[in-house]
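Colleague: Just need the structure, nothing else, for what follows:
(one chain, ligands or ions: 1)
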Amino acid sequence: MGRLLLLLPTETYRAHDFMEAAGALDVDVAVGSDRPQALADLTPGKTLALSFPTPDAAVRDILAFAETYPLDAILGVDDDSVLLAAMASEALGLSHNSTASVRASRYKHVMRQMLADTGLPSPRFRLFSIQDDPAAAARSVRFPCVLKPVSLSASRGVIRADSPDAFTGAFRRIVALLSRPGVATRAGETADRVLVEDYIPGEEVVLEGLLAGGALTVLALFDKPDPLEGPYFEETLYVTPSRLPADRQAAIRNTTGEAARALGLREGPVHAELRLNDAGVWIVEIAARSIGGLCSRILRFGAGISLEELILRQAAGLHPGPMQRVEGAAGVMMLPVPKQGVLRSVRGTDAAKQVAGIRDVVITIPPGQEVEPLPEGSRYLGFVFAHADRPEEVEAALREAYRRLAVTIEP
Ligand code: ADP
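Modeller: Numbering: from 1, shown residues only. Okay, the predicted model is just below:
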């Protein structure tokens, strides 16, 4: 393996863990990021400044870089960078998921259309323009439904509506969100659309997997023990292994594999969210990336390697080693932002760390910063990590640790 280009937008939570994994590997890694690196001239071939919002220009920059520093693989780490990785890989003739497949997983309306063409359970959906009259749009959908922007992530802008009034309010809220400068830049050409789907009732799970030549290996299946019924869909608890019966777990694996195939995804990480009810297993979303935030820190595989190392090894063509998760049951709690304002303090982290099973509590927003809850906000206050013998113990430890935290946010 020669050189691997790792695409790390500065805003991503994933930078540290991927950089650490890259450091542990005997592979030449260059980092493409959206800020010019101050030390770039001192470390030629190690960094590349890229504009993620203009992927065509970024692809040209990657091609120019590759003329001097030949690349063997390009890896994106989050929603913003996986599509660029696919486009640049295609332009360079490197093996990767096709651009079309990653685009399908990146844009929720494209994903819905492609999944609707399979035999998989799929919600009815309609795509609206932000110019549409919400009251008229409300007359053409069924309730309850879920409105969402097509290319944001972490539940940002995802709102359930149970009535025409709620629909109109949610629609306007999404239009306002999409017109914010940073959000509009990120959403790009899709900032003018609102997707509306039938609400899928049922419990939700998350499958973290790795595709190789189209074959899916399940790395971890997480239960989400907090009910997610809206109107906003705040992620909180993830606990693995799943407590679902084996036949349900097999159905989740099969559905995820079929969805990946339907989209054309064949290589690298997949992160799928699914809902279960009497009508079957429903894909909420399947993304061609690994789990977000700092959540991967609870996962270790084989002889103790991280998820990021596993992914980098596969991308670099190295043997990934055993992919069994080790260390019993594990879980993470994403700490939601409870209200809008200026974060003053998060107290009780030491007490939270004393709870049996808690490995760490990491607060990721420094005091003094403005914070905003869902559906507009995009950040977590931090993360709590736990390990124990059984998933019930992990869940109890995370809930108790959370109870010990006191968050102060002032207007
Ligand atoms: P994002 O990529 O921003 O996370 P998703 O489409 O995955 O957006 O939606 C976020 C969350 O909202 C999901 O995890 C799920 O809990 C909820 N959700 C989204 N769509 C639906 C739906 N059609 N029915 C029920 N819940 C939904």
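Colleague: going forward, measure contacts between C-alpha atoms and count neighbours the same way
Modeller: OK.
Colleague: Kindly list the main-chain dihedrals of E372?
Modeller: phi -140, psi 130 (degrees, to the nearest 10).
Colleague: Equivalent analysis for the one 4 residues further on, please.
Modeller: Main-chain dihedrals, E376, degrees, to the nearest 10: phi -80, psi -40.
Colleague: what sits against the residue nearest the centre of the chain?
Modeller: Residue closest to the average C-alpha location in the chain (CA atoms, centre = their mean): G292, at 4.2 Å. Shown in contact with G292 (CA atoms under 8 Å, 6 or more residues apart in numbering): Y13, R14, D78.
Colleague: ok, now S378?
Modeller: By CA under 8 Å, 6+ apart, the contact list for S378 reads A154, R156, E372.
Colleague: Cross-check the residues you listed against the ligand and keep the overlap.
Modeller: When CA under 6 Å from any ligand atom is applied, the members of the contacts of S378 adjacent to the ligand are A154, R156.
Colleague: so which of the contacts of S378 is the most crowded?
Modeller: Per-residue neighbour counts (other CA atoms under 10 Å) across the contacts of S378 peak at R156, which has 22 neighbours.
Colleague: What sits closest to that residue if chain neighbours are left out?
Modeller: Spatial nearest neighbour of R156, chain neighbours left out: P375 (5.1 Å); criterion: CA to CA, 6 or more residues apart in numbering.
Colleague: Validate this expectation: that neighbour resides in a helix.
Modeller: No. In this structure, P375 is coil, not part of a helix, as judged by DSSP: H, G, I helix; E, B strand; the rest coil.
Colleague: So what does L228 look like in phi/psi?
Modeller: The phi and psi values for L228, taken as degrees, to the nearest 10, are phi -120, psi 90.
Colleague: So in terms of bridging, what pairs with Y232?
Modeller: The partner list for Y232 in beta bridges (DSSP bridges) reads I159.
Colleague: and what of L237?
Modeller: Note on L237: beta-bridge partners M333, judged by DSSP bridges.
Colleague: Tell me the pLDDT of A38.
Modeller: For A38, the model assigns a pLDDT of 63.
Colleague: Can you give me the distance of the residue nearest to R156 to the ligand?
Modeller: Here P375 is placed at a distance of 10 Å from the ligand (CA to the nearest ligand atom, to the nearest Å).
Colleague: again with F222
Modeller: Distance of F222 to the ligand, given as CA to the nearest ligand atom: 12 Å.
Colleague: how many neighbours does the nearest residue to that residue once chain neighbours are set aside have?
Modeller: Spatial nearest neighbour of F222, excluding adjacent residues (CA to CA, 6+ apart): T240 at 4.5 Å. Neighbour count of T240, defined by other CA under 10 Å: 27.
Colleague: my guess is T240 meets D389, correct?
Modeller: No. The pair T240 / D389 is not scored as a contact, 10.8 Å apart, by CA atoms under 8 Å.
Colleague: Now do the shared contacts for the two.
Modeller: A329.
Colleague: Next, give phi and psi for the residue nearest to the centre of the chain.
Modeller: Dihedral pair for G292: phi -90, psi -170, per degrees, to the nearest 10.
Colleague: any idea how far V110 is from it?
Modeller: 21 Å (CA to CA, to the nearest Å).
Colleague: mind listing the helices for the stretch 151-300 of the chain?
Modeller: 164-178, 181-187, 246-263 (DSSP state H, counting those that start in this stretch).
Colleague: Say whether the ligand is contacted by the lowest-mean-pLDDT helix or strand in the chain.
Modeller: Ranking every helix and strand in the chain by mean pLDDT, DSSP states H and E puts helix 181-187 at the bottom, with a mean of 87. No. Against the ligand, helix 181-187 shows no contacts by CA under 6 Å from any ligand atom, the least distance being 11.9 Å.
Colleague: mind checking how far I409 is from the ligand?
Modeller: From I409 to the ligand the distance is 24 Å (CA to the nearest ligand atom).
Colleague: beta partners for that residue?
Modeller: Per DSSP bridges, the residues bridged to I409 are L343.
Colleague: Which positions in the chain make contact with the ligand?
Modeller: Residues of the chain lying close to the ligand (CA under 6 Å from any ligand atom) are 146, 152-156, 158, 197-201, 228, 233, 284-285.
Colleague: Show me which of these are buried.
Modeller: Neighbour-count burial (16 or more other CA atoms under 10 Å) applied to the residues of the chain next to the ligand gives 146, 152-156, 158, 197-200, 228, 233, 284-285.
Colleague: Closest to R300 out of those residues?
Modeller: Taking CA to CA as the measure, R300 sits nearest to A154 out of these, at 23.2 Å.
Colleague: what's the closest non-adjacent residue to the closest one?
Modeller: Closest to A154 by CA to CA, 6+ apart is S378, at 6.7 Å.
Colleague: what about that neighbour, which SS state?
Modeller: Classification of S378 using three-state DSSP returns coil.
Colleague: how far away is it from R313?
Modeller: Taking CA to CA, one finds S378 at 30 Å from R313.
Colleague: do V371 as well
Modeller: From V371 to R313 the distance is 36 Å (CA to CA).
Colleague: same question, A329
Modeller: For A329, the distance to R313 equals 25 Å [CA to CA].
Colleague: Counting neighbours around each, name which of the two comes out higher.
Modeller: Relative neighbour count places A329 above the other of A329 and R313, with 22 against 19, counting by other CA under 10 Å.
Colleague: need the contact list for that one.
Modeller: A329 neighbours (CA under 8 Å, 6+ apart): V239, T240, P241, H387, A388, D389, R390, P391, V394.
Colleague: Next: V394.
Modeller: V239, A329, A330, G331, G357, A386, H387, A388.
Colleague: pretty sure the third one contacts A386?
Modeller: Yes. Distance between A330 and A386: 5.6 Å, which falls inside the contact criterion (CA under 8 Å).
Colleague: Now the common contact residues for those two.
Modeller: Here A330 and A386 have I298, V394 as joint contacts, going by CA under 8 Å, 6+ apart.
Colleague: That's all I had, so thanks and see you.
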